[in-house]
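**Student:** Predicted structure and sequence below. I'll ask about it afterward.
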Amino acid sequence: MADFPFDVVAFDLDGTLADTAPDLTAALNHALERLGYPPVSAPDVRHMVGHGARALLRQGLAAAGVNDEETVDLGFPLFLDYYEAHIADTSLVFPGCEAALDGLAARGVALAVCTNKLEHLARSFIDAIGWTSRFPVIIGGDSCGVSKPDPKPLLETIARAGGGRAAFIGDSITDTKTAIAAGVPCVALTFGFSDLPPEQLGADILIDHFDALIPALERLG
Ligand SMILES: O=C(O)COP(=O)(O)O
Ligand SMILES: [Mg+2]
């Protein structure tokens, strides 16, 4: 297996490693309810994820017709406290993901996370699902001063994971833009949170199940 074409494979988190929408929805609705606004549905929340927690709350409030940053400021600690306490209550790792991670690790690939989630929330999630040792490198939306689609977080992720030949796996246009800006090959999932037709994401390869990830990376290399 020494001839695997990548040394580092970095993964987006929300909508890529796991369907985190149920817990994000519960936390968002907790904050909305405490502020006196109506809830949003999990399918709607899927399309609001990818730009960090404040952006999620901003969009949840906008759905209720509220568009001021003061209310976002009020709701943010409500969202964060609830989400931290319920970070992986009902979120589900996508089918085949764990086997694909095992297969990559068996090929000597360094695994890393590059997400727009706040770093401490990404770490809490990875710890809660028992994946701490799989992901020694986790870069969040607040880790580098800029977030995806700026290429810096991805380049920093790859460097911290040891550098070399790298690929990025994501679910959104933010991820593919990041990879393109970083000059890194990109695999996009067709089953994540993106509301764009998958072929419009601009990925090098699309996969519709994690079983296809290692063969896709072999073809990309
Ligand atoms: O919006 C977020 O909190 C993070 O989303 P991401 O893991 O898809 O980058
Ligand atoms: Mg995502």
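**Tutor:** Everything's here; your move. None of the values given here were measured: they were computed from a predicted structure. Numbers count the residues shown, from 1 in each chain. Ligands and ions are numbered 1, 2, ... in the order given.
**Student:** how about the residues of the chain near ligand 2?
**Tutor:** Taking CB under 5 Å from the ion as the contact definition, the chain meets ligand 2 at 12, 14, 15, 50, 171, 172. (Each C-beta comes from the backbone N, C-alpha and C, glycine too.)
**Student:** Can you select the buried ones among those for me in ChimeraX?
**Tutor:** The ChimeraX command for the buried members of the residues of the chain next to ligand 2 (criterion: 16 or more other CB atoms under 10 Å) is given here:
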select :12,14,15,50,171,172
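**Student:** among the residues of the chain next to ligand 2, which are in reach of ligand 1?
**Tutor:** Among the residues of the chain next to ligand 2, the ones lying close to ligand 1 by the criterion of CB under 6 Å from any ligand atom are 12, 14, 15, 50, 172.
**Student:** can you put those in TSV and add secondary structure?
**Tutor:** As requested, these are exported to TSV (DSSP: H, G, I helix; E, B strand; the rest coil):
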residue	secondary structure
12	coil
14	strand
15	coil
50	coil
172	coil
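**Student:** where's residue 177 relative to ligand 2, distance?
**Tutor:** From residue 177 over to ligand 2 the distance is 12 Å, taken as CB to the ion, to the nearest Å.
**Student:** What score does residue 144 have for pLDDT?
**Tutor:** According to the per-residue confidence, residue 144 scores 97 in pLDDT.
**Student:** Does it touch residue 154 like I think?
**Tutor:** No - because the distance of 9.4 Å does not satisfy CB atoms under 8 Å, residue 144 is recorded as not touching residue 154.
**Student:** Neighbour count: the two, which is higher?
**Tutor:** Between residue 144 and residue 154, counted using other CB atoms under 10 Å, the more crowded position is residue 154 (28 against 18).
**Student:** contact partners of the host helix or strand of that one?
**Tutor:** If you go by DSSP states H and E, residue 154 is part of helix 152-160. Helix 152-160 has contacts (CB atoms under 8 Å, 6 or more residues apart in numbering) with 8, 10, 112-114, 137, 139-141, 143-148, 166, 168, 178-179, 182, 184.
**Student:** any idea what the spatially closest residue to residue 22 that is not a sequence neighbour is structurally, helix, strand or coil?
**Tutor:** Across the structure, with CB to CB, 6 or more residues apart in numbering as the measure, the residue nearest residue 22 apart from its sequence neighbours is residue 90 (4.0 Å). In the three-state summary, residue 90 is assigned as coil, counting by three-state DSSP.
**Student:** And the longest helix along the chain, what does it pack against?
**Tutor:** The longest helix of the chain (DSSP state H) is helix 69-85. Counting by 3 or more CB pairs under 8 Å, 6 or more residues apart in numbering; DSSP states H and E, the packing neighbours recorded for helix 69-85 are helix 21-35, helix 53-63, helix 119-128.
**Student:** circling back to that earlier point, pLDDT for the ones next to ligand 1 among the residues of the chain next to ligand 2 - can I get that in a markdown table?
**Tutor:** As requested, those are exported to a markdown table (pLDDT from 0 to 100):
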| residue | pLDDT |
| --- | --- |
| 12 | 98 |
| 14 | 97 |
| 15 | 97 |
| 50 | 91 |
| 172 | 96 |
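**Student:** Tell me the one of those residues nearest ligand 1?
**Tutor:** Of all these, residue 14 has the smallest distance to ligand 1: 3.5 Å, by CB to the nearest ligand atom.
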